[in-house]
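**Q** This is the structure alone, sequence omitted:
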C-alpha cells in the first residue's frame, strides 16, 4: 500500500489541497466565509441546480434506454452478439471531446439533422442529455447485464408456473436480485454526468454550465480562484457522498445469489415480443450509438481527396506550433507512460485490497481510489501547476506531468478490473507454494500472475484508452508544442472556419479508431463479462 498511498497523496491530495488553500487563504488566514458568499450567488446556485438536475435526467434516460439492452444481451442469443457488445462499449472509452464532436456533427450547425430537416439541437439541453446517454449506455449494459446473465431463469419460470404474469414474476423475482446492480450502475452514471466537462463544454454553449465547466471558467477565464476553490469543495463533498452510497450498493451485490453460467441462460428469441424487443434495441443502438460516429467519419471526409486529413500535416502557426498530426504520436507516448504508471499503482493497490486479512483502513482506501474519477480534473490539472512548482518536485516543464495526471484516472480502472480476479484466487495455492519454500515474489510470479494475466492485460487496455482521452487536467498542463489529441480537437473547435472544423472531425475520427481498436482487442482477451466497467 505504501506506493499507491504515496502516489495519490502526492499527485492527487496535494494538488487539490493546494488550489483550495490558494483560493481560501488570504495572508495566511482561512476565509471560510467565502463559501457562504459564493453559494448565495444566483448564478452559482443556477449552476448547482443545472448540474444536479441534468445528472438526474441523464441517469433516468440512460436507465430507460439501456435496461432493455441489458436484458437482450443477458437473455437472448443472436448472430453478431459479441461484436455488438464491443460496439456498445466503444462510446464509453471514447474521450468526452470526441463524444461532443460526434453529436456536434449530428445535431449542430450544418449537421445531419440540420441538412435533412433544418433541426438544430446544439446549445440545447437535449444534445447534452443524448450525449450523456451515448457515453454511459455501456455502463448499464455491462453492470446490470453481467449479473442478469448469471441469474437462474428457473426462479422466474417457477413464479410463472404458480400463476404470476410475466411482469409480476419479473417484478417480484428478478428485479429484487437486480436492484443492487441497477443502483450501482445508476450511481456510476450519475457520477460521470454530474462531473461532465467535455460534453457540456462543446454542446452546451454559454447557456449551460456544470460545476466542472464553471470551475474551468473561474480558473482559466475569470481567474477567480476563491470561487473555483469553493466549487471544488462542493463537488468533493457531493462525489464523496455518491461514492459512499455506491460502496454500500456494491456490498449489497455481494449477498448470496443463485448464479449459473451465463452461457446457459441465453436463448434464441421466441415469440413476437422477444423479436420486437431485439429489433427495438438494435434500432436504438443504430440511431443513438452508431449514427453519431458514422456522421463524425462522414464529416471528416467532406473535403475532396482526404483534404482535412492532409491539412493535419501542416502547422498553421496560429492554432498549433506543430502540425496537428503530431498530437497523435504525442498522445500515444503519453498514454503508454500513463498506462505503465496506472498498472503499477493500481496493481499494487488491488493486490493489497484483495487480501482477506486487510484491515478497515486498507478497505477504506478502495473508495478513495475512485475519487479521481469524480473530483474535478480541471482542479487537479491546475493544482499540478500550483503544487508541483518547487524543487525537488518542480515538474511544470517536465513531460511526465501529463502521464501522471492521466494515470490518476487510469488507476481506478486497473483496480476495479483486477480486484475481483485477485479475490477469486484460492489462497491455499499461495500457502502451498510458501510451504514448499517459495519466496513472496516467486509465489506472485508462479501462482498469481498466470491466473490474473488476462485481467492485467484488460486493465492495461482500459487504462490506455482512458489515458488517451483524458481532457480535463491535460488541457491545463499540455505544452503548446506537444498537445494531446483531445486538447488539439478542442483547440480546433474553438477557432472559426470550415478548415478548423474539418480538421477537428478528422482528429476525432483518428482518436475514435485508436480507442475502438484497443477495445476490440480487450474484448478478445476478456473472459469475465461481469464487473463495473
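**A** Thanks, I have the structure now. Quick caveat: nothing in here was measured; it's all calculated off a predicted structure.
**Q** Which SSE is immediately downstream of the helix or strand bottoming out on mean pLDDT in the chain?
**A** Between all helices and strands in the chain, the lowest mean by mean pLDDT, DSSP states H and E belongs to helix 360-368, at a mean of 69. Taking DSSP states H and E as the definition, the helix or strand that follows helix 360-368 towards the C-terminus is helix 371-374.
**Q** how far out from the middle of the chain is that following helix?
**A** When distances are taken as Cα atoms, centre = their mean, to the nearest Å, helix 371-374 is centred 10 Å away from the chain's centroid.
**Q** ditto for stretch 465-481
**A** A distance of 15 Å separates the C-alpha centroid of stretch 465-481 from that of its chain, computed with Cα atoms, centre = their mean.
**Q** Show the contacting residues for residue 507.
**A** Going by Cβ atoms under 8 Å, 6 or more residues apart in numbering, residue 507 touches 312, 324, 327-328, 485, 488-489, 492. Where you see a C-beta, it was placed from the backbone N, CA and C, and this is true even at glycine.
**Q** go with 10 Å
**A** 97-98, 101, 300, 308-309, 312, 324-325, 327-328, 331, 485-486, 488-489, 491-493 (Cβ atoms under 10 Å, 6 or more residues apart in numbering).
**Q** Burial check on the nearest residue to residue 484 once chain neighbours are set aside, number of neighbours?
**A** If the residues on either side of it in the chain are set aside, residue 484 comes closest to residue 331, at 4.6 Å by Cβ to Cβ, 6 or more residues apart in numbering. Using other Cβ atoms under 10 Å, the number of residues around residue 331 comes to 30.
**Q** element containing residue 331?
**A** Following DSSP H and E, the helix or strand that holds residue 331 is helix 326-354.
**Q** Averaged pLDDT, that helix. What do you get?
**A** Model confidence over helix 326-354, given as mean pLDDT, is 88.
**Q** Show me which positions of it end up buried.
**A** Of the residues in helix 326-354, those buried under the neighbour-count criterion (16 or more other Cβ atoms under 10 Å) are 326-328, 330-331, 334-335, 337-354.
**Q** Am I right that residue 480 is in a helix?
**A** No: looking at residue 480 with DSSP: H, G, I helix; E, B strand; the rest coil, it is coil, so not inside a helix.
**Q** What about it? Give its phi and psi, please.
**A** Residue 480 adopts backbone torsions of phi -60, psi -30, taken as degrees, to the nearest 10.
**Q** does it really touch residue 322, like I thought?
**A** Yes: here residue 480 lies in contact with residue 322, judged by Cβ atoms under 10 Å, at a distance of 8.7 Å.
**Q** Neighbour count for these two, which is higher?
**A** When residue 480 is set against residue 322 and neighbours are counted by other Cβ under 10 Å, the residue ahead is residue 322, at 14 against 11.
**Q** where's the more buried one relative to residue 520, distance?
**A** Counting by Cβ to Cβ, to the nearest Å, the separation of residue 322 from residue 520 is 30 Å.
**Q** circling back: can you tell me which helices and strands the helix holding residue 331 packs against?
**A** Using 3 or more Cβ pairs under 10 Å, 6 or more residues apart in numbering; DSSP states H and E as the contact definition, the elements that helix 326-354 packs against are helix 2-8, helix 360-368, helix 401-424, helix 449-469, helix 485-493, helix 498-525.
**Q** Select, out of those, the one closest to residue 433.
**A** Go through the helices and strands packed on helix 326-354 one by one with Cβ to Cβ and the one that ends up closest to residue 433 is helix 449-469, at 11.9 Å.
**Q** who are the neighbours of the closest one, in terms of helices and strands?
**A** Right, helix 449-469 is packed against helix 81-93, helix 96-107, helix 326-354, helix 401-424, helix 485-493, helix 498-525 by 3+ Cβ pairs under 10 Å, 6+ apart.
**Q** Please produce CSV containing the ones you listed, extended by distance to residue 434.
**A** Supplementary listing: the helices and strands packed on helix 449-469 in CSV, determined by distance: least, Cβ to Cβ, whole Å:
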stretch, distance to residue 434
helix 81-93, 39
helix 96-107, 46
helix 326-354, 15
helix 401-424, 17
helix 485-493, 46
helix 498-525, 30
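**Q** ranking those by burial, who's on top?
**A** helix 96-107 (a mean of 27; mean count of other Cβ atoms under 10 Å).
**Q** If you count neighbours, what's buried in the helix or strand following that helix?
**A** Reading on from helix 96-107 to the C-terminus, the next helix or strand found by DSSP H and E is helix 112-117. Buried positions in helix 112-117, judged by neighbour count with 16+ other Cβ under 10 Å: 112, 114.
**Q** domains of this structure?
**A** As assigned by automatic domain parsing, the chain contains the domains 1-31+303-533, 36-87+122-282.
**Q** how far is the longest one from where the chain is centred?
**A** For domain 1-31+303-533, the distance from its own C-alpha centre to the chain's C-alpha centre is 11 Å (Cα atoms, centre = their mean).
**Q** How about the shortest one?
**A** Taking Cα atoms, centre = their mean, one finds the center of domain 36-87+122-282 at 12 Å from the center of the full chain.
**Q** tell me the mean pLDDT for that domain?
**A** Mean per-residue pLDDT for domain 36-87+122-282: 81.
**Q** start to end distance for it?
**A** 49 Å (Cα to Cα, to the nearest Å).
**Q** Just the mean pLDDT for stretch 297-308, thanks.
**A** Per-residue scores along stretch 297-308 average to 84.
**Q** contact partners of that stretch?
**A** So stretch 297-308 is contacted by 101-102, 104-106, 108, 110-112, 309-312, 498-510, 512-513 (Cβ under 10 Å, 6+ apart).
**Q** mind redoing it with 8 Å?
**A** By Cβ under 8 Å, 6+ apart, the surrounding residues in contact with stretch 297-308 are 105, 309, 311, 499, 502-503, 505-506, 508-509, 512.
**Q** Give me the buried positions along it.
**A** In stretch 297-308, the ones that count as buried by 16+ other Cβ under 10 Å are 297, 299-301, 303, 308.
**Q** any idea which of these is closest to residue 161?
**A** For the buried residues of stretch 297-308, the closest approach to residue 161 (Cβ to Cβ) belongs to residue 297, at 50.3 Å.
**Q** can you give me the angle the strand or helix carrying the closest one makes with helix 96-107?
**A** Residue 297 belongs to helix 291-300 when elements are defined using DSSP H and E. Between the direction of helix 291-300 and that of helix 96-107, the angle (axes from the mean of the first three to the mean of the last three Cα atoms, to 10 degrees) works out to 80 degrees.
**Q** Counting residues, which helix of the protein comes out longest?
**A** Secondary structure assigned by DSSP state H gives helix 42-75 as the longest helix of the chain.
**Q** Please name every helix or strand in contact with that one.
**A** Contact partners of helix 42-75 among helices and strands, from 3 or more Cβ pairs under 8 Å, 6 or more residues apart in numbering; DSSP states H and E: helix 33-39, helix 81-93, helix 125-148, helix 175-194, helix 211-220, helix 225-253, helix 271-284.
**Q** The ones you listed: which one's closest to residue 74?
**A** Nearest to residue 74 among the helices and strands packed on helix 42-75 is helix 125-148 (3.7 Å), distances taken as Cβ to Cβ.
**Q** packing partners for the next helix-or-strand element following the closest one?
**A** Once the chain leaves helix 125-148, the next helix or strand it forms, by DSSP H and E, is helix 153-161. Taking 3+ Cβ pairs under 8 Å, 6+ apart as the contact definition, the neighbouring helices and strands of helix 153-161 are helix 166-169.
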